[in-house]
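Engineer: predicted model and sequence follow; I will ask about them next.
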Amino acid sequence: MLTEYLDTNHPEVLWTASAGGARTSIAEAKRLKASGCKAGFPDVFIYEPRGSFHGLSIEMKKEKGGRVSPAQKKWKEDLSVRGYKATVAKGFDSAVEILEDYLSTIV
């Protein structure tokens with residue numbers, strides 16, 4: 001998982017993961033929504049500025065068949081216009097490549 005990779009290889013990086021991919025009951029989904037969770041929020045968010053970007057968001061998808069929802073597309077667009085690098089990764093290897101490329105950018 002990308003979260004384990006981050007903790008192991010980049011413990012200094014400030015990041016969070018969303019609960020978006022978790023299977024929940026209807027009651028739990030309502031509670032999450034009431035607490036402020038937004039549909040389509042990226043799976044991983046890196047709070048580290050690099051280059052001209054304020055931070056990095058990664059929406060994780062399966063290597064084959066994963067599709068970006070309308071809410072996820074909207075988040076990607078909205079983050080991009082606000083100066084964040086907003087990406088979609090098709091599988092773990094793609095996510096690691098995006099992450100390492102981003103973190104190697106000079107601040």
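Structural biologist: That came in fine, so what should we check first? Numbering: from 1, shown residues only.
Engineer: need the helices for this structure, in chain order.
Structural biologist: Using DSSP state H, the helices of the chain run over 2-9, 26-34, 70-81, 92-103.
Engineer: closest one to E48 among these?
Structural biologist: Closest of the helices of the chain to E48 is helix 92-103, at 7.1 Å (criterion: C-beta to C-beta). C-betas here are computed from N, CA, C, even on glycine.
Engineer: which residues does that closest one contact?
Structural biologist: Residues from elsewhere that reach helix 92-103 (C-beta atoms under 8 Å, 6 or more residues apart in numbering): 1-2, 5-6, 10, 13, 44, 46, 48, 50, 53, 56, 58, 60, 63, 85, 87, 89.
Engineer: one more pass at 10 Å, please.
Structural biologist: Identification of contacts with helix 92-103 by C-beta atoms under 10 Å, 6 or more residues apart in numbering yields 1-2, 5-6, 9-10, 12-13, 15, 43-44, 46, 48, 50-51, 53, 55-56, 58-61, 63, 85, 87-89, 91.
Engineer: and stretch 73-83, by the same measure?
Structural biologist: Applying C-beta under 10 Å, 6+ apart, the contact partners of stretch 73-83 are 38-42, 45, 49, 52-57, 59, 68-69, 84-88.
Engineer: what about these, which are in strands?
Structural biologist: Secondary structure from DSSP state E places F45, L56, S57, E59, K85, A86, T87, V88 of the contacts of stretch 73-83 in strands.
Engineer: pLDDT score assigned to the first one?
Structural biologist: Spelled out, that is F45. For F45, the model assigns a pLDDT of 96.
Engineer: could you measure from the residue in the chain sticking out farthest from the centre over to A71?
Structural biologist: Largest separation from the mean C-alpha position in the chain: A27, at 24.6 Å (C-alpha atoms, centre = their mean). According to C-beta to C-beta, to the nearest Å, A27 stands 21 Å off from A71.
Engineer: any low-confidence regions in the chain?
Structural biologist: Confidence mapping of the chain against pLDDT under 70 gives the ranges 20-22.
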